[in-house]
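Novice: Here is a sequence together with a model predicted from it:
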Amino acid sequence: MRTLELTASSIMAALVCVATLFFIVPIPATQGYFNIGDAMIVIAAIVFGPMVGAVSGGVGAALADILAGYSYFAPFTLVIKGLEGAIIGIIYTKMKSRFILKLVIAWIVGGLEMVVGYFITEYLFLGYGNAAFVEIPFNITQMLVAGIAGIPLALALQRILKYK
């Protein structure tokens, strides 16, 4: 990992954590919560690529889980949000397609990984059973907010930084 990627990962992990903690809506059925931190994961992955997206998404969101009192989710979040950032970054950087199309595909595939990842975690690993279905609409909304807020901010930041 280059110095720029390490620095960007650290800063973006902090921003993911802060954005996640800034707006939390508890979901009692699964003991999880809705947040807006995924927008920062989208930004990190689009602006800096899959490595920064993965590290900042996983570490920043897991740290937020711990600080917000949801530490039982932290190991799962590290993997789920890390994969989300990696997927968005990989699709965005590798896909040969129209600019807007690859942005939308990257965001949707990465977001759906998050939705499915938390469902599997809650249903199978945490034993919430059918209560895991309750969180699906919240996670889909979280995914939508991430794309609607994150994509325009990522594009603006790319122009400012001229990173890619």
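Specialist: That came in fine, so what should we check first? Numbers count the residues shown, from 1 in each chain.
Novice: Nearest spatial neighbour of the residue nearest to the spatial centre of the chain, chain-adjacent residues omitted?
Specialist: Geometric centre of the chain, nearest residue: Asp38, 3.7 Å, by Cα atoms, centre = their mean. Spatial nearest neighbour of Asp38, excluding adjacent residues (Cβ to Cβ, 6 or more residues apart in numbering): Ala146 at 3.5 Å. C-betas here are computed from N, CA, C, even on glycine.
Novice: May I ask which helix or strand encompasses that neighbour?
Specialist: Secondary structure assignment for Ala146, by DSSP states H and E: helix 132-161.
Novice: Give me the buried positions along that helix.
Specialist: Of the residues in helix 132-161, 132, 135, 138-139, 142-143, 145-147, 149-151, 154 count as buried by neighbour count, 16 or more other Cβ atoms under 10 Å.
Novice: Does anything pack onto that helix? Which helices or strands?
Specialist: Applying 3 or more Cβ pairs under 8 Å, 6 or more residues apart in numbering; DSSP states H and E, we find helix 132-161 packed against strand 25-27, strand 32-34, helix 38-48, helix 99-120.
Novice: same question for that helix, mean pLDDT?
Specialist: Regarding helix 132-161, the rounded mean pLDDT is 96.
Novice: angle of that helix against helix 38-48?
Specialist: Counting by axes from the mean of the first three to the mean of the last three Cα atoms, to 10 degrees, helix 132-161 lies at 40 degrees to helix 38-48.
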